[in-house]
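**Student:** 3D model of this:
(one chain, ligands or ions: 2)
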Amino acid sequence: MSSNQIESVLKENRTFAPPQKFIDNSVLSQADFDALNARAEEDHAGFWGDLARAEIDWQQDFEQALDDSNAPFFKWFVGGKLNVSHNCIDRHLADKADKLAFIWENDAGDEVRRITFQEFHDEVCRFANGLKALGVGKGDRVVIYMPMVPEAVYAMQACARIGAIHSVVFGGFSSEALRDRINDAEAKLLITADGNLRGGKEVPLKSMTDKALDAGCPSIEKSVVLLHGGLDVSMNPDRDISWADVVAGQATECEPEWVDPEHPLFILYTSGSTGKPKGVQHSSGGYLLGAIMTNKWVFDLHADDVYWCTADVGWITGHTYICYGPTAVGVTQIMFEGVPTYPDAGRFWRMVQDHNVTIFYTAPTAIRALMKAGDDIPKDYDLSSLRLLGTVGEPINPEAWMWYRETIGKNNCPIVDTWWQTETGSIMISPLPGQTTLKPGSCTRPLPGIAATIYDEEGNEVTQPNVGGYLVVTKPWPSMLRTVWGDDQRFRDTYFFKFGDRVYIAGDSAQRDDDHYFWILGRIDDVVNVSGHRLGTMEVESALVAHKAVAEAAVVGFPHEVKGEAIMAFVVLKTGYADEEGLDQELRKHVTEQLGALARPEEVRIAEGLPKTRSGKIMRRLLKSIAKGEDITQDTSTLENPAILDQLRG
Ligand code: ATP
Ligand code: MG
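**Tutor:** Ligands and ions are numbered 1, 2, ... in the order given. Below is the predicted model:
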């Protein structure tokens with residue numbers, strides 16, 4: 001074993017085959033997937049070219065599936081012309097005009113809006129015409145800073161329709177974070193709202209916007225304000241215009257702008273878990289294809305499904321699995337303004353029951369929060385409409401996975417643990433719900449056409465089971481990022497720094513087991529080196545979460561005289577458990593029993609929460625500073641709960 005390999009200590013042996021009913025009704029059979037994989041093996045670019053022709057409406061057919069002559073700047077579907085909004089909306093109107101595209105629920109839960117594909121079309125066209133009237137055109141950047149309301153999706157789709165490039169900034173971000181993103185993109189227009197209620201708390205978007213713009217955003221010419229939350233806001237007559245005025249008198253038809261497949265569809269900043277966020281630039285053609293294929297393959301969509309992805313449109317998950325993928329496939333979906341725990345921890349389950357949700361896709365942070373609240377709450381709701389569950393965002397600890405399966409899925413729903421990133425555009429490694437035998441905590445295998453594998457330090461493929469290394473993708477794929485906005489050098493330095501221009505480095509460490517299933521071990525930078533043994537963070541955290549009192553855990557390394565590095569664990573308890581005398585010792589012992597003495601934390605700190613990004617991911621880099629007793633000097637612009645840092649300093 002080379003000195004830099006990551007060692008595995010976790011043993012997870014449980015397996016779950018898909019229910020027979022699921023297998024029988026799958027949209028694609030095992031034979032279909034075998035054929036897809038065989039075709040991808042035989043001709044990688046041709047495989048994607050075939051799918052692009054079959055799944056996308058082209059205004060002009062492409063000549064070449066892939067141009068890889070200037071790696072790592074790959075071009076897909078060269079010579080074609082398309083419009084993403086046309087593909088998400090117009091092509092459904094012939095036979096699905098009256099089908100519901102969205103069922104939207106507000107934060108308080110006393111308002112439901114039902115929007116058909118025809119209405120969706122008309123609203124997007126009116127707003128797109130309004131944008132044109134404001135002087136916005138192809139290639140202009142538009143920043144969208146909105147609550148989770150249908151108009152946020154209309155705004156994104158309207159940009160796509162006229163070839164403007166959107167950059168959505170999560171509505172919970174501060175005015176500084178908003179200003180930085182506006183200036184980095186040199187946006188011409190800002191779209192926002194007066195504000196809204198989220199979890200019962202007022203989010204004053206317009207006043208945050210004013211602060212950002214007043215502090216200096218020279219590129220902004222106009223700001224469109226949706227009056228949604230009934231907040232008292234001041235409108236600057238030189239700059240601000242209401243959404244209602246923008247769409248007033250506009251036609252419900254808008255000829256799409258036919259663009260090159262490489263035309264940037266959007267810029268989106270990463271979550272900032274590992275450092276300063278990166279402005280990821282996505283394409284039109286390749287991105288759309290990734291969104292369509294993964295929605296079909298991973299979510300097994302049927303015509304009568306009611307699909308719900310709980311992400312905010314401010315994250316990549318909300319782009320690919322709310323705004324673009326499900327609409328392109330033509331499924332009915334739920335959109336939700338609020339948070340999982342308001343007015344209580346039964347909110348998601350009540351909505352599943354009320355709207356007969358069949359497919360439910362959420363994040364481990366939400367699952368752990370709802371698990372923390374206890375098993376009794378979900379029991380009060382009828383969850384029998386559910387047939388498929390999904391998760392994304394962080395590794396899911398096997399015990400949280402089991403809770404999701406048993407308490408929410410009633411042992412009846414496959415769980416798709418989907419590994420992907422802002423940069424990958426769409427899901428890369430995931431079970432196929434009707435085919436794959438599941439293992440709790442594993443994202444299983446790469447999708448057809450995705451050349452994901454594991455490299456060691458020298459760039460050799462790791463073929464032995466249970467040996468960790470760099471998670472890499474060795475062939476370009478259509479929905480991959482094209483660059484970091486305005487910074488090709490950062491693009492190269494971040495993703496292609498080690499194994500040449502054709503090997504994309506994800507930044508995560510992973511290993512495969514005997515069945516070639518992938519297990520994400522954590523971020524490359526988070527590996528802990530205890531007495532010469534390199535351990536990923538995931539396994540130790542999962543062992544802690546397997547203890548009955550623990551809802552959530554994060555581990556980091558800190559310098560230790562004897563061991564080189566030792567482990568510090570930060571732990572959040574489940575509701576009903578208290579930080580009693582001796583619990584920290586018990587947890588240390590528990591980890592030793594589960595994983596061996598090597599993985600035993602030197603110290604366990606029990607706290608009310610963990611530092612997280614606004615998208616709910618644990619920021620281990622901040623915990624590392626705390627464990628070392630250092631001051632925090634890193635980028636904290638995407639940190640959700642700064643006050644927790646003081647508590648964790650102990
Ligand atoms: P930054 O790149 O700014 O540090 P980030 O990596 O958290 O932020 P995202 O693109 O939102 O930004 O997250 C992608 C990362 O999330 C992946 O690299 C991986 O670490 C983690 N992740 C996502 N889905 C899964 C999953 N199913 N299993 C394990 N990890 C996952
Ligand atoms: Mg990342």
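
**Student:** now whichever residue of the stretch 401-550 of the chain sits closest to ligand 1: how far from P431?
**Tutor:** Nearest to ligand 1, among the residues of the stretch 401-550 of the chain, is T422, at 3.4 Å (CB to the nearest ligand atom). Yep, even glycine has a C-beta here, placed from its N, CA and C like the rest. Look at T422 and P431: by CB to CB, to the nearest Å, they are 22 Å apart.

**Student:** The two: who's more crowded?
**Tutor:** The neighbour count for T422 versus P431, taken as other CB atoms under 10 Å, is higher for P431 (25 against 21).

**Student:** Local confidence estimate at the more buried one?
**Tutor:** You'll see P431 listed with a pLDDT of 98.

**Student:** Next up, the contacts around the residue of the stretch 401-550 of the chain closest to ligand 1.
**Tutor:** L268, Y269, T270, S271, K278, V280, W315, I316, L481 (CB atoms under 8 Å, 6 or more residues apart in numbering).

**Student:** ok, so of these, who is nearest G109?
**Tutor:** W315 (22.8 Å; CB to CB).

**Student:** Near the closest residue to Q60 other than its chain neighbours, how many other residues are there?
**Tutor:** Leaving out its chain neighbours, the residue that sits closest to Q60 by CB to CB, 6 or more residues apart in numbering is K81, at 3.9 Å. By the measure other CB under 10 Å, the count of residues near K81 is 18.

**Student:** Repeat that for H121.
**Tutor:** H121 has 23 nearby residues by other CB under 10 Å.

**Student:** in the chain, which ranges drop under the pLDDT threshold?
**Tutor:** Low-confidence segments of the chain (pLDDT under 70): 1-4, 9-10, 650.

**Student:** which bits of it sit near ligand 1?
**Tutor:** For the chain, the residues in contact with ligand 1 (CB under 6 Å from any ligand atom) are 270-275, 277, 316, 392-395, 417-422, 443, 506-508, 520, 523, 615, 617.

**Student:** among those residues, which are in strands?
**Tutor:** Among those, the members falling in strands (DSSP state E) are D417, A506, G507, D508, I520, R523.

**Student:** contacting residues for the fourth one?
**Tutor:** Counting by CB under 8 Å, 6+ apart, D508 touches W419, L471, I520, L521, G522, R523, I524.

**Student:** and what of the fifth one?
**Tutor:** Taking CB under 8 Å, 6+ apart as the contact definition, I520 lies against P395, W419, C443, L471, D508, S509, A510, M538.

**Student:** just to revisit the earlier point, please indicate which of the residues of the chain next to ligand 1 are buried?
**Tutor:** Among the residues of the chain next to ligand 1, those scoring as buried are 270-274, 277, 316, 392-395, 417-422, 443, 506-508, 520, 523, 615, 617 (criterion: 16 or more other CB atoms under 10 Å).

**Student:** Quick one: distance of the helix ranked longest in the chain to the chain centre.
**Tutor:** Ranked by residue count and defined by DSSP state H, the top helix of the chain is helix 117-133. Relative to the chain's own centre, helix 117-133 is displaced by 27 Å; criterion: CA atoms, centre = their mean, to the nearest Å.

**Student:** Check stretch 57-67 too.
**Tutor:** Between the centre of stretch 57-67 and the centre of its chain there are 28 Å (CA atoms, centre = their mean).

**Student:** Contacts for that stretch next, please.
**Tutor:** 44-46, 48-49, 52-53, 74-83, 86-87, 91, 256, 258, 261, 285, 476.

**Student:** Identify the residues contacting the residue in the chain sticking out farthest from the centre.
**Tutor:** Residue farthest from the centre of the chain, counting by CA atoms, centre = their mean, is V562 at 39.7 Å. By CB under 8 Å, 6+ apart, the contact list for V562 reads S531.
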